[in-house]
Structure formats: C-alpha cells, structure tokens
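Got a sequence here, can you build the structure:
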Amino acid sequence: MTTLEGQTFDEFLKAKGIGRESILAFRRVIAWQLSEAMTTRGISTDELARRIRTRPHEIGRFLQTPESAPLLITTLREAMAAARSE
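Numbering: from 1, shown residues only. Next up is the predicted model:
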C-alpha cells in the first residue's frame, strides 16, 4: 500500500495519469467545495487553520489561488474533515 504522507495533491494525481489541466480543474473545485463547507458551517479561515494546526494565510492562499498554492494530501484531508465537522 502506498502512503500519501508528505505527497502533494499534484504528485498524487500525476501518478494516476491525470494531466495538468485536469489537476488545475480539480484544485479549483476543491477550493470551491472547501469554501462552501466553511460558509455553510460558519467556519472562518482562522478557525479552520486552528483546527488543522496551520496558518490562516495558508488556507486563504489556497482558497484565493488554488492553482498555485502548495497542497499536501494530508492537509487537504484534514481541512475537508475539519470544515465538515461541527
């Protein structure tokens, strides 16, 4: 079994044979989904960052420019879980 620890989202998708344009589209959709989950649950960028032990700037950067912001698989998993929890 392959570990995803420390692997970037882009590396993961490239290993699956997914091209650059599709990767950018996936990033935009994920940023939109994360933003929607945060809005629905009333979670601020600061609160989400606190929940996943990162800096608010990193969350904001991904939400504003998902095409270029660094994104680890583990961070993505934690952020989505934290945004969906009450």
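
What are the buried residues along stretch 65-84?
P66, L71, L72, I73, T75, L76, E78, A79, A82, A83 (16 or more other Cβ atoms under 10 Å). Backbone N, C-alpha and C define where each C-beta goes, glycine included.

where does the first one fall, phi/psi-wise?
It refers to P66. For P66, the backbone dihedrals (degrees, to the nearest 10) come out as phi -60, psi -20.

what about the residue lying closest to it once chain neighbours are set aside, how many neighbours?
Nearest residue to P66, sequence neighbours excluded (Cβ to Cβ, 6 or more residues apart in numbering): A31, at 3.7 Å. When counting by other Cβ atoms under 10 Å, one arrives at 18 neighbours for A31.

could you say what helices and strands the helix or strand of the chain with the lowest mean pLDDT packs with?
Ranked by mean pLDDT, DSSP states H and E, the helix or strand of the chain with the weakest confidence is helix 73-84, at a mean of 90. Using 3 or more Cβ pairs under 8 Å, 6 or more residues apart in numbering; DSSP states H and E, the elements in contact with helix 73-84 are helix 9-15, helix 20-41, helix 45-52.

Just the CA atoms of the longest one, as CSV, please.
Provided in CSV are the C-alpha atoms of helix 20-41 (Å, rounded to 0.1, in the frame of the first residue of the first chain):
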residue,chain,number,x,y,z
ARG,A,20,-2.1,19.4,-15.8
GLU,A,21,-5.3,21.0,-17.0
SER,A,22,-7.4,18.4,-15.1
ILE,A,23,-5.3,18.9,-12.0
LEU,A,24,-5.9,22.6,-12.1
ALA,A,25,-9.7,22.0,-12.5
PHE,A,26,-9.6,19.6,-9.5
ARG,A,27,-7.9,22.2,-7.4
ARG,A,28,-10.5,24.9,-8.3
VAL,A,29,-13.4,22.6,-7.5
ILE,A,30,-11.8,21.5,-4.2
ALA,A,31,-11.2,25.2,-3.2
TRP,A,32,-14.9,25.9,-4.0
GLN,A,33,-16.1,22.9,-2.0
LEU,A,34,-14.0,23.8,1.0
SER,A,35,-15.2,27.4,0.8
GLU,A,36,-18.8,26.3,0.6
ALA,A,37,-18.4,23.9,3.6
MET,A,38,-16.8,26.7,5.6
THR,A,39,-19.6,29.2,4.8
THR,A,40,-22.3,26.6,5.4
ARG,A,41,-20.9,25.8,8.9
